[in-house]
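Asker: coords please:
(one chain, ligands or ions: 1)
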Amino acid sequence: MHELGIAEELLRAILPQAERHGAKRITRVSLRIGVLRAVVADNLSFLFEHVARGTIAEGALLAIEEEPVVVACPACGARSGAQMVVLECPACGAEGIGLSGGDNLQIVDFDIDD
Ligand SMILES: [Zn+2]
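Answerer: Numbering: from 1, shown residues only. The predicted structure is shown next:
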């Protein structure tokens, strides 16, 4: 259940920013989470609701967007998205591909009421 640590980390990151904007309430938090983080979105939403109780983020909706692993193939030039680490190009099957991304956890945006 590493989602609990992520939920606490999120809250710690957004509360000071929202307070700086004079927010009375945080209504929505948009996130991009890499598929390699193996975060279960439902668990994260549930745990965030729990840790946010009693703060201005109580009841905020988490909008979670998955970031795929980007596969760059030197053989055919394709750039593909994958849901896990792969060893072959999904387009042509060549090996020796480059992988990037898929491990980020980024707060894209949040909506506040002030
Ligand atoms: Zn290829």
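
Asker: which ones are touching the residue lying closest to residue 78 once chain neighbours are set aside?
Answerer: Excluding the flanking residues, the one nearest residue 78 by Cβ to Cβ, 6 or more residues apart in numbering is residue 91, at 3.7 Å. (Each C-beta comes from the backbone N, C-alpha and C, glycine too.) Contacts for residue 91 (Cβ atoms under 8 Å, 6 or more residues apart in numbering) come out as 73, 76, 78, 80.

Asker: Dihedrals phi and psi, the nearest residue to the second one once chain neighbours are set aside?
Answerer: Same thing as residue 76. Nearest residue to residue 76, sequence neighbours excluded (Cβ to Cβ, 6+ apart): residue 92, at 4.2 Å. When read as degrees, to the nearest 10, the backbone of residue 92 gives phi -120, psi -10.

Asker: Now do the end-to-end distance for stretch 18-25.
Answerer: Start-to-end span of stretch 18-25 (Cα to Cα, to the nearest Å) is 8 Å.

Asker: Run the chain-centre distance for it.
Answerer: 22 Å (Cα atoms, centre = their mean, to the nearest Å).

Asker: can you check stretch 10-21 too?
Answerer: The answer for stretch 10-21 is 17 Å, by Cα atoms, centre = their mean.

Asker: Which pLDDT value belongs to the residue nearest to residue 52 when sequence neighbours are not counted?
Answerer: Nearest residue to residue 52 in three dimensions, chain neighbours excluded: residue 58, at 5.1 Å (Cβ to Cβ, 6+ apart). With respect to pLDDT, residue 58 has a value of 97.

Asker: Residue 58 contacts residue 50, correct?
Answerer: No - Residue 58 is beyond contact range of residue 50, at 10.1 Å (criterion: Cβ atoms under 8 Å).

Asker: I would like the residues contacting stretch 44-61, please.
Answerer: Contacts for stretch 44-61 (Cβ under 8 Å, 6+ apart): 1, 3-4, 6-8, 10-11, 14-15, 18-19, 23-29, 33, 62, 64, 110.

Asker: Any quick PyMOL command for the buried ones out of those?
Answerer: The following PyMOL line selects those of these that are buried, judged by 16 or more other Cβ atoms under 10 Å:
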select buried, resi 3+6+7+10+11+14+15+18+23+26+29+33+62+64+110
